[in-house]
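Student: Take a look and give me a structure for this.
(one chain, ligands or ions: 1)
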Amino acid sequence: MVGVSRILVIGGTGMMGQHLVNASLAAGHPTAVLIRPAATEDAAAGDPGRTKLLEAFKARGAKIVYGDMNDHESLVAACKQVDVVISAVGHHGPDLEGGQLKIVAAIKEAGNIKRFVPSEYGCDVDQVEREAVMEPARSILQAKVRVRQAVRAAGIPHTFICSYWAHGFVLPRLGNPEVDGPPDTTATIFGDEKTQVIFVHEDDMSMLVMKAVEDPRTLNKILYVRPPANKCSFSDLVGVWEDKTGKRLDKYHMPQEELVKRIQESPFPLNFQLAMVHATMAARVCDQTMDASAGVEATQLYPDVNFATVHDYLDGLINI
Ligand SMILES: NC(=O)c1ccc[n+]([C@@H]2O[C@H](COP(=O)([O-])OP(=O)(O)OC[C@H]3O[C@@H](n4cnc5c(N)ncnc54)[C@H](OP(=O)(O)O)[C@@H]3O)[C@@H](O)[C@H]2O)c1
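Tutor: Have a look, this model is predicted:
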């Protein structure tokens with residue numbers, strides 16, 4: 001049963017955060033969104049998209065709370081108004097760790113938070129074989145590990161979310177972070193058919209977060225989101241796209257050495273995105289076995305959820 005915890009989303013204007021705010025509102029939670037005052041002024045000045053987003057949040061009943069991850073007092077004050085804190089802050093170098101550790105410190109001081117969901121929404125960072133992961137992904141995943149450690153050490157009730165590759169991030173470009181849309185003539189393919197990838201829609205991930213924060217079974221656990229129907233290789237993705245469009249593509253299977261070179265030569269955040277593609281193959285981050293003492297599987301906890309499939313998403317792209 002969905003409860004009525006008051007929820008604060010930090011990072012609610014971001015790519016993942018928007019879905020979390022929408023899911024919180026849709027589930028009927030009193031929802032607050034922490035917004036940086038500077039960002040709001042910028043938005044008013046020159047980012048109509050963000051202004052529209054904030055207006056849409058407000059129109060649906062969200063409360064805008066002004067604050068900053070780097071301003072301890074504002075964070076503590078915001079935490080004291082709610083029961084649950086969900087972070088969806090991004091990572092620009094060391095910011096993710098520094099910022100999230102500040103959120104941990106504020107939650108600890110506030111003392112009233114019954115569930116914290118830190119910004120993760122990827123693989124199980126505790127299980128990643130770090131040596132197989134290239135920079136800057138290695139440092140960013142390691143930062144997420146340290147945030148987990150800090151949350152546990154502070155005794156903060158929490159749930160860590162592993163939802164692997166986000167549909168909206170990866171499917172529109174058929175798995176290739178170097179392009180903005182699906183290929184016209186040549187598809188670049190990473191890895192072979194044996195490299196299975198898990199794709200989860202942001203809306204499904206967010207809806208599950210709302211279930212999880214009210215669910216004692218996910219308390220102090222990792223929630224693994226691994227719908228079996230959404231497991232396929234990057235190569236399968238291209239095949240599905242070809243079948244749907246009825247158009248055959250040339251295939252370029254990028255050799256591992258070339259991927260490594262591109263990671264080394266690309267700017268941030270492209271180097272991070274490519275390094276995560278590399279980690280998917282080299283560290284098999286989507287093939288982790290679940291540690292039953294540390295985590296629970298969403299498809300078992302919530303068997304009634306109909307997950308959006310890769311097919312659904314690709315159909316939507318064709319119909320745009
Ligand atoms: N699995 C996947 O495929 C996938 C894909 C993407 C992301 N992710 C994960 O999802 C998480 C969120 O990433 P994202 O790409 O959605 O992030 P993003 O789009 O960069 O958004 C970051 C958010 O953090 C806010 N923020 C930044 N600095 C702040 C500060 N000092 N105080 C308060 N808020 C601040 C930003 O607010 P402003 O509006 O003020 O800038 C924005 O709302 C990360 O953990 C990332 O690794 C996973």
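
Student: ok, which stretches of this structure are helices?
Tutor: Taking DSSP state H as the criterion, the chain carries its helices at 15-26, 37-46, 48-59, 72-80, 95-110, 137-153, 167-170, 202-212, 234-245, 256-265, 270-282, 298-301, 310-318.

Student: can I get the ones you listed in a markdown table with distance to the ligand?
Tutor: From N, CA and C alone the C-beta is placed, and that goes for glycine too. Formatted as a markdown table, the helices of the chain follow (distance: least, CB to the nearest ligand atom, whole Å):
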| stretch | distance to the ligand |
| --- | --- |
| helix 15-26 | 3 |
| helix 37-46 | 3 |
| helix 48-59 | 6 |
| helix 72-80 | 9 |
| helix 95-110 | 6 |
| helix 137-153 | 7 |
| helix 167-170 | 4 |
| helix 202-212 | 8 |
| helix 234-245 | 13 |
| helix 256-265 | 17 |
| helix 270-282 | 8 |
| helix 298-301 | 15 |
| helix 310-318 | 13 |
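
Student: for Leu174, what are its contacts?
Tutor: Pro182, Pro183, Ala187, Phe234, Leu237, Val238, Trp241 (CB atoms under 8 Å, 6 or more residues apart in numbering).

Student: would a markdown table of those residues with pLDDT, distance to Val125 and neighbour count be doable?
Tutor: Below are the contacts of Leu174 laid out as a markdown table (pLDDT from 0 to 100; distance: CB to CB, whole Å; neighbours: other CB atoms under 10 Å):
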| residue | pLDDT | distance to Val125 | neighbour count |
| --- | --- | --- | --- |
| Pro182 | 92 | 30 | 19 |
| Pro183 | 92 | 31 | 18 |
| Ala187 | 96 | 30 | 25 |
| Phe234 | 92 | 22 | 26 |
| Leu237 | 93 | 24 | 23 |
| Val238 | 94 | 28 | 20 |
| Trp241 | 96 | 30 | 20 |
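
Student: distance between the ends of stretch 221-230?
Tutor: Its first and final residues considered, stretch 221-230 spans 23 Å by CA to CA, to the nearest Å.

Student: buried sites along that stretch?
Tutor: Across stretch 221-230, burial judged by 16 or more other CB atoms under 10 Å covers Lys221, Ile222, Leu223, Tyr224, Val225, Arg226, Pro227, Asn230.

Student: next one: stretch 165-174
Tutor: Quick answer for stretch 165-174 (16+ other CB under 10 Å): Trp165, Ala166, His167, Phe169, Val170, Leu171, Pro172, Arg173, Leu174.

Student: Now the two most distant members of those.
Tutor: Ala166 and Leu174 (14.2 Å; CB to CB).

Student: Switch the buried residues of stretch 165-174 over to JSON lines; also include pLDDT and distance to Thr13.
Tutor: As requested, the buried residues of stretch 165-174 are exported to JSON lines (pLDDT from 0 to 100; distance: CB to CB, whole Å):
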{"residue": "Trp165", "pLDDT": "96", "distance to Thr13": "22"}
{"residue": "Ala166", "pLDDT": "97", "distance to Thr13": "16"}
{"residue": "His167", "pLDDT": "97", "distance to Thr13": "20"}
{"residue": "Phe169", "pLDDT": "94", "distance to Thr13": "16"}
{"residue": "Val170", "pLDDT": "94", "distance to Thr13": "21"}
{"residue": "Leu171", "pLDDT": "96", "distance to Thr13": "22"}
{"residue": "Pro172", "pLDDT": "95", "distance to Thr13": "20"}
{"residue": "Arg173", "pLDDT": "95", "distance to Thr13": "23"}
{"residue": "Leu174", "pLDDT": "95", "distance to Thr13": "27"}
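
Student: possible to save those as JSON lines with distance to Ser24?
Tutor: JSON lines is the format used below for those (distance: CB to CB, whole Å):
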{"residue": "Trp165", "distance to Ser24": "23"}
{"residue": "Ala166", "distance to Ser24": "18"}
{"residue": "His167", "distance to Ser24": "19"}
{"residue": "Phe169", "distance to Ser24": "20"}
{"residue": "Val170", "distance to Ser24": "24"}
{"residue": "Leu171", "distance to Ser24": "24"}
{"residue": "Pro172", "distance to Ser24": "25"}
{"residue": "Arg173", "distance to Ser24": "28"}
{"residue": "Leu174", "distance to Ser24": "31"}
